[in-house]
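**Q** Mind looking at a prediction? Sequence and model below.
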Amino acid sequence: MAKDPVRVLVTGAAGQIGYALVPMIARGIMLGPDQPVILHMLDIPPAVESLNGVKMELQDAAFPLLKGIVATTDVAEACKDVNIAVMVGGFPRKEGMERKDVMSKNVSIYKAQASALEQYAAKDVKVLVVANPANTNALILKEFAPSIPEKNITCLTRLDHNRALGQIAERLEVPVSSVKNVIIWGNHSSSQYPDVNHAVIEGPDGEKSVRSTVSDDAWLNGEFIKVVQQRGAAIIKARKLSSALSAASSACDHIRDWVLGTPEGTFVSMGVYSDGSYNTPPGIIFSYPVICKNGDWSIVQGLSIDEFSREKLVATAAELVEEKEVAYSCISE
Ligand code: NAD
Ligand code: LMR
């Protein structure tokens, strides 16, 4: 029997991530090849013509799984009964801008959209915040949508996770699909800590640790971390626009694993509400290693954290605590 359609909201749908993301959702890349979807697309009035153009293209592509399209600039209509909300709308960082520069523009957007989601979305809506500063936007959304379970509000660090997998695969000249269990700790910013201490390569003779296979601690503790931390900026420098296809694809990975589960023995990185695991400060949205099952995520516990890693975790947590303070000061202004 055919499944009922799932309603998926994409905010900022006329933007460049939106343009890459909506066809992926309509093709079943986010929720599976047997899951019909109804796309809800929100943008702001100056983008309405462009939004309608995206709607026309979705119709023209005749996606078999796409059972309906709501394209609107009305936030209440956009949020109505949505089961999944991918929050991409906002003001992107431009070349030369620090992420904090975009904070005040984005916190007010997230405060308003939190209320709309709380009022109109399905009670068990799963929310993924992509727009930067992603962790802090998600925190604001959580604070201003108190009836949405805090476990349902997450932010995207899967792109950073995938970037780390890509760098290891390139270095070892192995398929990216054979690398797993890297971890992105903390903020989706240049303070994030890409950690390979628990990462493995799957091969014909079983699993081998990435650290022993790479066998170059100087690279793993230096250049590798820097490249992953700075990859967003490198893309902006190269394209004069922030990453879009990789962000869209990683957003699909995030939701797919959350809804359908992570493969056995594999963990992924998600920004989630901190419970103080690994001695991180509670009350911030922090990226951890997680596994997902039955539509729920849980933080992988008991991983060893060496002194080098501890310092990096402390630094990225400190940045998030500071971002939280700045965000609150923007709200009260
Ligand atoms: P973009 O400027 O192309 O698109 C943003 C869209 O949001 C625009 O169409 C704009 O009109 C719309 N918008 C603005 N305010 C809105 C509002 N209040 N409600 C609904 N829509 C609104 O930007 P983009 O390149 O698509 O990037 C989107 C966001 O994603 C940026 O904040 C960017 O920094 C962030 N990003 C995050 C990651 C990540 O891994 N977390 C990766 C790449 C980009
Ligand atoms: C990215 O990681 O590509 C984006 O978050 C862009 C940015 O602002 O760093």
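**A** Yep, it's here. Residues are numbered from 1 along each chain as shown. Ligands and ions are numbered 1, 2, ... in the order given.
**Q** Where does the protein get nearest to ligand 2, residue-wise?
**A** residue 232 (2.7 Å; CB to the nearest ligand atom). For every residue, glycine as well, the C-beta is placed using N, CA and C.
**Q** any idea which element that residue lies in?
**A** Taking DSSP states H and E as the definition, one finds residue 232 inside helix 223-239.
**Q** Could you pull up the contacting residues of residue 159?
**A** Listed by CB atoms under 8 Å, 6 or more residues apart in numbering, the contact set of residue 159 reads 188, 243, 246, 247, 250, 251.
**Q** Check residue 77 too.
**A** Contact criterion CB under 8 Å, 6+ apart gives residue 70 as the residues in contact with residue 77.
**Q** so what pLDDT did it get?
**A** The per-residue pLDDT reported for residue 77 equals 98.
**Q** So what touches stretch 143-153?
**A** Counting by CB under 8 Å, 6+ apart, the neighbours of stretch 143-153 from elsewhere in the structure are 110-111, 114-115, 117-118, 121, 123-127, 129, 138, 141-142, 272-273, 285, 296-297.
**Q** At the geometric centre of the protein, which residue sits there?
**A** Nearest to the centroid of the C-alpha atoms of the chain, with distances taken as CA atoms, centre = their mean, sits residue 156, at 1.3 Å.
**Q** How far does the helix or strand just after the helix holding residue 232 sit from its chain's centre?
**A** Scanning forward in sequence from helix 223-239, with DSSP H and E defining helices and strands, the next element found is helix 245-260. Shown here is helix 245-260, whose average C-alpha point lies 8 Å from the average C-alpha point of the whole chain (CA atoms, centre = their mean, to the nearest Å).
**Q** relative to helix 223-239, how tilted is helix 245-260?
**A** Our comparison of helix 245-260 with helix 223-239, counting by axes from the mean of the first three to the mean of the last three CA atoms, to 10 degrees, yields an angle of 120 degrees.
**Q** Is helix 245-260 in proximity to ligand 1?
**A** Yes: interface with ligand 1: helix 245-260 contributes residue 247 (CB under 6 Å from any ligand atom).
**Q** Can you name the element that comes right after that helix?
**A** strand 268-273.
**Q** Give the buried residues for that next one.
**A** Taking 16 or more other CB atoms under 10 Å as the basis for neighbour counts, the residues of strand 268-273 that come out buried are 268, 269, 270, 271, 272, 273.
**Q** next one: stretch 139-146
**A** For stretch 139-146, a neighbour-count test (16+ other CB under 10 Å) marks 139, 140, 141, 142, 143, 144, 145 as buried.
**Q** same question for it, mean pLDDT?
**A** Mean pLDDT, taken over the full extent of stretch 139-146, equals 97.
**Q** buried ones in stretch 59-68?
**A** Judged by neighbour count using 16+ other CB under 10 Å, the buried positions of stretch 59-68 are 63, 65, 66, 67.
**Q** how about the helices of this protein, start to end?
**A** Assignment of helices within the chain using DSSP state H yields the ranges 16-26, 48-61, 75-79, 103-120, 134-143, 158-172, 210-214, 217-221, 223-239, 245-260, 307-332.
**Q** Tell me which other helices or strands the second one touches.
**A** Using 3 or more CB pairs under 8 Å, 6 or more residues apart in numbering; DSSP states H and E as the contact test, the elements touching helix 48-61 are helix 16-26, strand 37-42, strand 66-72.
**Q** Show me what the mean pLDDT comes to for the helix holding residue 232.
**A** Taken as a whole, helix 223-239 has an average pLDDT of 97.
**Q** Looking at the buried residues of stretch 59-68, which is nearest residue 308?
**A** residue 65 (45.7 Å; CB to CB).
**Q** List the single closest residue to residue 10 in space, sequence neighbours excluded.
**A** Take residue 10 and drop its neighbours on the chain: the residue closest to it by CB to CB, 6 or more residues apart in numbering is residue 86, 5.0 Å away.
**Q** thinking again about what came up before, among the helices of the chain, which is the most enclosed?
**A** The highest average neighbour count among the helices of the chain, using mean count of other CB atoms under 10 Å, belongs to helix 134-143 at a mean of 27.
**Q** So is it next to ligand 1?
**A** Yes: under the criterion of CB under 6 Å from any ligand atom, ligand 1 is reached by helix 134-143 at residue 134.
**Q** ditto for stretch 148-157
**A** Yes: Stretch 148-157 is in contact with ligand 1 by CB under 6 Å from any ligand atom, via residue 156.
**Q** Report the buried residues of that stretch.
**A** Residues 148, 152, 153, 154, 155, 156, 157 are the ones in stretch 148-157 that count as buried (16+ other CB under 10 Å).
**Q** Between the buried residues of stretch 59-68, which sits nearest residue 327?
**A** residue 66 (35.8 Å).
**Q** Make sure residue 179 is actually in contact with residue 210.
**A** Yes: with contact taken as CB atoms under 8 Å, residue 179 and residue 210 are classed as touching, separated by 6.9 Å.
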